[in-house]
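**Q** quick one: sequence and predicted model below, then my questions.
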Amino acid sequence: MMQSENDILSNTIDQLFKQYRQKIPVSPMSMEQRAAQFLPFAALTGFEESIQLASENQETIRIKADDENELFDYSFLVDLTKAIATKQQVELVYFESQPNIIDLGIYVQKKVCVKKIDSLHKQCLIDDGKWIPFSNIFQYKIIEK
């Protein structure tokens, strides 16, 4: 009986595979070894830190509407100018962002003395040396002496 080409090819492949297995013994993998092949790697640097910061009671910045921002900026400038002239303290509620993460941080409520106003860049300098953008200030109140 004559063998077909497919049968000959199949037998040849089986024989070669058996020879290969004899020369290179393969031990079965444990479930841990198999799972380790598919573990994720850190493709995004800093992503884990961002997730950790987000889970630590961090907030995202609240964005004011444009018209609300303009009214706030104008009244804020007028009140701050008076507070600087009379050396009054101001109670600010402002957003303090985390280093390297602009949108994530905490809202801080603090009594400060405003030292300087930069109306061009829309920010103010407080007594501890920080520049706070007007857009990060959520509320303010001038403290009467």
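**A** Received the coordinates, thanks.

**Q** report the distance from stretch 84-104 to the chain centre.
**A** 20 Å (C-alpha atoms, centre = their mean, to the nearest Å).

**Q** ok, stretch 15-28 next?
**A** Using C-alpha atoms, centre = their mean, the offset of stretch 15-28 from its chain centre is 51 Å.

**Q** so which residues make contact with stretch 122-133?
**A** 73, 80, 92, 94, 110, 112-118, 121, 134-135 (C-beta atoms under 8 Å, 6 or more residues apart in numbering). Where C-beta positions appear, they are placed from N, C-alpha and C, glycine not excepted.

**Q** what average pLDDT does it get?
**A** For stretch 122-133, mean pLDDT is 91.

**Q** now do the buried residues in it.
**A** Buried residues in stretch 122-133, counted by 16 or more other C-beta atoms under 10 Å: 123, 124, 125, 126, 132.

**Q** before we move on, the earlier item: what about burial for the contacts of stretch 122-133, which qualify?
**A** Among the contacts of stretch 122-133, the ones that count as buried (16+ other C-beta under 10 Å) are 73, 80, 92, 94, 110, 112, 114, 117, 134, 135.

**Q** any idea how far the host helix or strand of residue 32 is from the chain center?
**A** Assessed by DSSP states H and E, residue 32 sits inside helix 31-37. Chain-centre distance of helix 31-37: 31 Å, with C-alpha atoms, centre = their mean.

**Q** could you do stretch 29-43 as well?
**A** Counting by C-alpha atoms, centre = their mean, stretch 29-43 is centred 27 Å from the centre of its parent chain.

**Q** what's it in contact with?
**A** residue 48.
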